[in-house]
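Asks: Sequence plus the predicted model coming up.
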Amino acid sequence: MSGRTFTLDGQPVPFTEGETVMEAALAAGVYIPHLCYRPGYGHHGSCKVCTVAIDGHNAASCTTRAREGMAVETATPELADMRRALVEMLFVEGNHTCPACEKSGECELQAVAYHIGMAAPRFDFFFPARDLDASHPDVILDRNRCILCELCVRASRDVDGKNVFAIGGRGIRARLIVNAASGRLGDTDLAKDDAAVRVCPVGAILRKGDAYTKPVGQRTFDLRPIAAVAIEEARRERERRRG
Amino acid sequence: MAAPLETASDPERLRRVAIEPVTRVEGHGKVTLLLDEANRVRQARFHIVEFRGFEKFVQGRPYWEVPVMVQRLCGICPVSHHLAGGKAVDMLAGATALTPTAEKMRRLLHFGQILQSHALHFFHLSSPDLLFGFDAPVERRSVFAVAAEFPDIAKKGILLRKYGQEVIRVTAGKRVHGSLVVPGGVNKRLSPQERDYLLADIDRTVEWSAEAVAIARRLYEEGRARHNGFAAFPSPLLSLVRDDGALDLYHGGLRARGADGATLFDHEDYATYWELLHEVVKPWSYMKFPFLRALGPDAGWYRVGPLARLWNCDFVPTPRAEAERRALLDFEGGATRAATLAYHWARMIEMLHAAEGIRALLADPDLLQGELVVKGERRYRGVGVIEAPRGTLIHHYRINEDDQIVRCNLIVSTTHNNEAMNEAVRRVAERYLDGRELTEGLLNHIEVAIRAYDPCLSCATHALGQMPLAVELRDATGAAVDRLTRDADGGVRRG
């Protein structure tokens, strides 16, 4: 312990040199909602759901290094409303039909939406025409549910060493693409046990054969809220790093 | 060929009366009557005005999503679609026989569904008509009036339904839209604590179900002359039966009897149901009209559901329900066979069967132990059929090499009864309304006839792009100016 601290909603939070606000907060048992951040997968800062106010300026807590004496706010009405708006936009941009989705109860987007108190989106649904790639024998890619968090891109590149995934296109036409001339997942070297498959926070990349095998009431977020799951996951990652 | 009163030859000159929406049924429908100047009924139709389209939007989805996705068709009997879709998916997954644990868990879930759905229909939706009369003041025709004047009946009805809902919650995780079925099996078995929880109230549930049969039977008997004849007409009957001819709500072969009771086919494999059943479409309803292929569209329409099942099977495999079935069949020389209102009596007998069935299953140790899933070699076509609360329910899927659905056909219980409900409407219109000044109470007679079939209208409308439609343009006086018709093949023509 270096003795260095910043304040989070007025409470002192210790940190070590090089830690982000997000990492320090999770280590202190404080959950800041997030989607594109996952302990051990590098910092990305694209979803902005983890935005906090730092000395009066908004910043992504997953990409901002903690500094001595900084005043961080996360539980303000303005930030809560902004987070809800961001998550609502993710819902209306894609086709997230939770009632039939096999990821329901295991989905971080759904769990975050519950956590931040999202009821129904304030925006009109886009109902985009997106495709489903079922060409892989063991894995399905459903772009209807992709939130472009790039966790699979990082996992495939940094953990699996394969570069199966990338984001193609721009703006509203951005989409997850795969590394095969045919454009089909079945023609890549993705394997069902790859980190890129396991890391997907939503129901975009799924292993075939696992659907609905956990009974309702025994799924991850039936048993524990996402705040507890995220704090526990961060703790495991710190222990893994310490060896 | 249209039935008498289905289509008037001069609709532009007739007065239109609409019952919209039809109340105390699931989903949205309406009845239209066309009357001439002497109040003679010239046309009577039961329309389904909502559109669901599940057959279309499941296309492209992975087949294992089916049991969970299709149950969103309905909030009343989602379990039926969960199970029928699940049986079709079993076939796609190459699971030819389930483990005892899986089949019994599914049967338990199904019995819970039958119990809660039948209780809901009888006590919440239909008992006001039966207890207070078809033309009682409208403010009395609700479950609230039943609760005020017959509190014991209302309370037991509500608690019977609650018990069925609890069976569903314990087996599928939620009272509505849970999940138990996976390809080739189920995702859970019961814990001893869950079994004991359900056992605590099962004896009471059986007794109250028997009381409900007695109520339905007494009400029928008290108005026997009217009930035997109200919207009564002979028709073929269709249902699943077990190999030994017993009533089986979860699995069996298809049996059809003709209007005269003679067996038309028996123990037919439902996996090729299309060799036995066809459907026609009509431009004035989103719901298709199925018929027995051997008899053709005019004579081949039939009935499904509780009354059809009890007349079709050879026996009910639980003792108290079987004794009640004998009483139903023996009543006044078999008068209930054609009687629309005998559906209520039959429905309560099935509720008793479900309660007895739950009690028997809860004593079975297979619910607590054993394998959950079997696997097999993937196939490209899957058909699942069950007897849902409202009748025979058919789910049919084809998939491609990537496990995606390329074709879906649903023939829902209410769809089978489409022509029968229209015939019931025509019969009531002819018998009770023809030539009379219409009152709210008289119009309720038509709803009483529809309600007896317990239609689930939201479940029943799916085909997209093949529904024939007719659009008429009329001037201020009501005279037809133009008409466009889209045929079943998608072609559009004027006139």
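Replies: Arrived safely, thanks for sending.
Asks: How about the contacts made by B:Leu247?
Replies: B:241, B:309-310, B:313, B:315-317, B:350, B:353 (C-beta atoms under 8 Å, 6 or more residues apart in numbering or on different chains). Using the backbone N, CA and C atoms, a C-beta is placed for each residue, glycine as well.
Asks: Next one: it from B:Leu240, what distance?
Replies: Here the criterion is C-beta to C-beta, to the nearest Å. By it, B:Leu247 lies 9 Å from B:Leu240.
Asks: for B:Met69, same thing?
Replies: For B:Met69, the distance to B:Leu240 (C-beta to C-beta) stands at 24 Å.
Asks: Then A:Thr64?
Replies: 64 Å.
Asks: B:Pro455 now?
Replies: For B:Pro455 relative to B:Leu240 (C-beta to C-beta), the value is 20 Å.
Asks: Go ahead and flag the most central residue of chain A.
Replies: Nearest to the geometric centre of chain A sits A:Leu35, at 2.4 Å (C-alpha atoms, centre = their mean).
Asks: how would you label that one: helix, strand or coil?
Replies: Following DSSP: H, G, I helix; E, B strand; the rest coil, A:Leu35 is assigned to coil.
Asks: what residues does chain B put near chain A?
Replies: Within chain B, the positions near chain A by C-beta under 8 Å from any C-beta of the partner chain are B:60-62, B:64-65, B:67-69, B:72, B:172-174, B:177-182, B:187-188, B:402-404.
Asks: Mark which of these are buried, thanks.
Replies: B:60-62, B:64-65, B:67-69, B:72, B:172-173, B:177-182, B:187-188, B:402-404 (16 or more other C-beta atoms under 10 Å in any protein chain shown).
Asks: ok so, going back, nearest to B:Pro234 among the contacts of B:Leu247?
Replies: B:Pro234 lies nearest to B:Leu310 out of the contacts of B:Leu247, by C-beta to C-beta, at 15.8 Å.
Asks: Name the helix or strand for the closest one, please.
Replies: helix B:306-312 (DSSP states H and E).
Asks: Tell me how confident the model is about that helix, as a mean pLDDT.
Replies: Taken as a whole, helix B:306-312 carries a mean pLDDT of 98.
Asks: What is that helix packed up against?
Replies: Contacts defined by 3 or more C-beta pairs under 8 Å, 6 or more residues apart in numbering or on different chains; DSSP states H and E place helix B:306-312 against strand B:237-241, strand B:253-257, helix B:319-330, helix B:342-362.
Asks: Distance from the chain centre to that helix, please.
Replies: How far helix B:306-312 lies from its chain's middle: 12 Å, per C-alpha atoms, centre = their mean, to the nearest Å.
Asks: Kindly report the same for stretch B:440-455.
Replies: Per C-alpha atoms, centre = their mean, the centroid offset for stretch B:440-455 relative to its chain is 16 Å.
Asks: Enumerate the positions of that stretch that are buried.
Replies: In terms of neighbour count (16+ other C-beta under 10 Å), stretch B:440-455 has its buried residues at B:442-455.
Asks: Provide a list of residues in contact with the residue of the stretch 201-350 of chain B found nearest chain A.
Replies: Residue of the stretch 201-350 of chain B nearest chain A, by C-beta to the nearest C-beta: B:Tyr250 (19.7 Å). By C-beta under 8 Å, 6+ apart, the contact set of B:Tyr250 is B:83, B:103, B:106-107, B:110, B:386-387.
Asks: got it, and B:Gly261?
Replies: Contacts for B:Gly261 (C-beta under 8 Å, 6+ apart) come out as B:311, B:337.
Asks: Give me the distance between the most centrally placed residue in chain B and A:Pro128.
Replies: In chain B, the residue lying closest to the centroid (C-alpha atoms, centre = their mean) is B:Arg390, at 2.2 Å. In this view, B:Arg390 and A:Pro128 are 36 Å apart by C-beta to C-beta.
Asks: How about B:Thr263?
Replies: 53 Å.
Asks: Could you check which of those two has the larger neighbour count?
Replies: A:Pro128 (14 against 10; other C-beta atoms under 10 Å in any protein chain shown).
Asks: Tell me which helix or strand whatever residue of chain A ends up closest to chain B sits in.
Replies: Residue nearest to chain B within chain A: A:Val216 (2.6 Å; C-beta to the nearest C-beta). Counting by DSSP H and E, no helix or strand carries A:Val216.
Asks: low pLDDT regions in the stretch 101-250 of chain B?
Replies: Across the stretch 101-250 of chain B, nothing is flagged by pLDDT under 70.
Asks: how does it look with 90?
Replies: Along the stretch 101-250 of chain B, the parts satisfying pLDDT under 90 run over B:134-143.
Asks: so who does whatever residue of it ends up closest to chain A touch?
Replies: Residue of the stretch 101-250 of chain B nearest chain A, by C-beta to the nearest C-beta: B:Gly173 (2.6 Å). By C-beta under 8 Å, 6+ apart, the residues touching B:Gly173 are A:215-217, B:179-180, B:188.
Asks: again, only this time at 6 Å
Replies: If you count contacts by C-beta atoms under 6 Å, 6 or more residues apart in numbering or on different chains, B:Gly173 has them with A:215-217.
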